[in-house]
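K.L.:
Turn this into a model:
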Amino acid sequence: MIGLLFLYLEAVVRVQIKIYRFQKEKPVHRKFLLELLVWH
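P.N.:
Predicted coordinates:
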């Protein structure tokens with residue numbers, strides 16, 4: 001159970017880093033952000 005929790009947290013951190021880098025390159029559309037929120 002703890003291992004799964006760490007895997008989940010690592011995945012969330014990776015996704016947020018990707019979003020941060022993507023935002024620095026170009027503005028993210030609101031629809032894309034909403035889809036991410038719904039997906040989580």
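K.L.:
quick one: average confidence on the lengthiest helix in the chain?
P.N.:
If you go by DSSP state H, the chain has its longest helix at helix 2-25. Computed over helix 2-25, the mean pLDDT rounds to 87.
K.L.:
Any buried residues in it, and which?
P.N.:
Across helix 2-25, burial judged by 16 or more other C-beta atoms under 10 Å covers no residue at all. Any C-beta I mention is one placed from the backbone N, CA and C, and that applies to glycine too.
K.L.:
Which residues outside the helix or strand following it are in contact with it?
P.N.:
Counting by DSSP states H and E, the element after helix 2-25 in chain order, helix or strand, is helix 30-39. Helix 30-39 is contacted by residues 15, 19 when judged by C-beta atoms under 8 Å, 6 or more residues apart in numbering.
K.L.:
center of this structure - which residue?
P.N.:
Centroid check for the chain by C-alpha atoms, centre = their mean gives residue 15 as the closest residue, at 3.0 Å.
K.L.:
gap between it and residue 33?
P.N.:
Going from residue 15 to residue 33 by C-beta to C-beta, to the nearest Å gives 12 Å.
K.L.:
try residue 12
P.N.:
Taken as C-beta to C-beta, the span from residue 12 to residue 33 is 15 Å.
K.L.:
and if you look at residue 10?
P.N.:
For residue 10 relative to residue 33 (C-beta to C-beta), the value is 21 Å.
K.L.:
now do residue 4
P.N.:
Using C-beta to C-beta, residue 4 is found at 26 Å from residue 33.
K.L.:
what's the answer for residue 20, then?
P.N.:
12 Å.
K.L.:
Then residue 21?
P.N.:
Counting by C-beta to C-beta - residue 21 and residue 33 are separated by 15 Å.
K.L.:
Residue 9 too?
P.N.:
For residue 9, the distance to residue 33 - C-beta to C-beta - is 21 Å.
K.L.:
Alpha carbons only: can I get stretch 33-40 in PDB?
P.N.:
Extracted in PDB, the C-alpha atoms of stretch 33-40 (Å, rounded to 0.1, in the frame of the first residue of the first chain):
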ATOM      1  CA  LEU A  33      -6.500  22.500 -17.500                       C
ATOM      2  CA  LEU A  34     -10.100  21.600 -16.900                       C
ATOM      3  CA  GLU A  35      -9.600  18.200 -18.500                       C
ATOM      4  CA  LEU A  36      -6.600  17.600 -16.300                       C
ATOM      5  CA  LEU A  37      -8.600  18.500 -13.200                       C
ATOM      6  CA  VAL A  38     -11.400  16.200 -14.300                       C
ATOM      7  CA  TRP A  39      -8.900  13.400 -15.100                       C
ATOM      8  CA  HIS A  40      -7.500  13.700 -11.500                       C
END
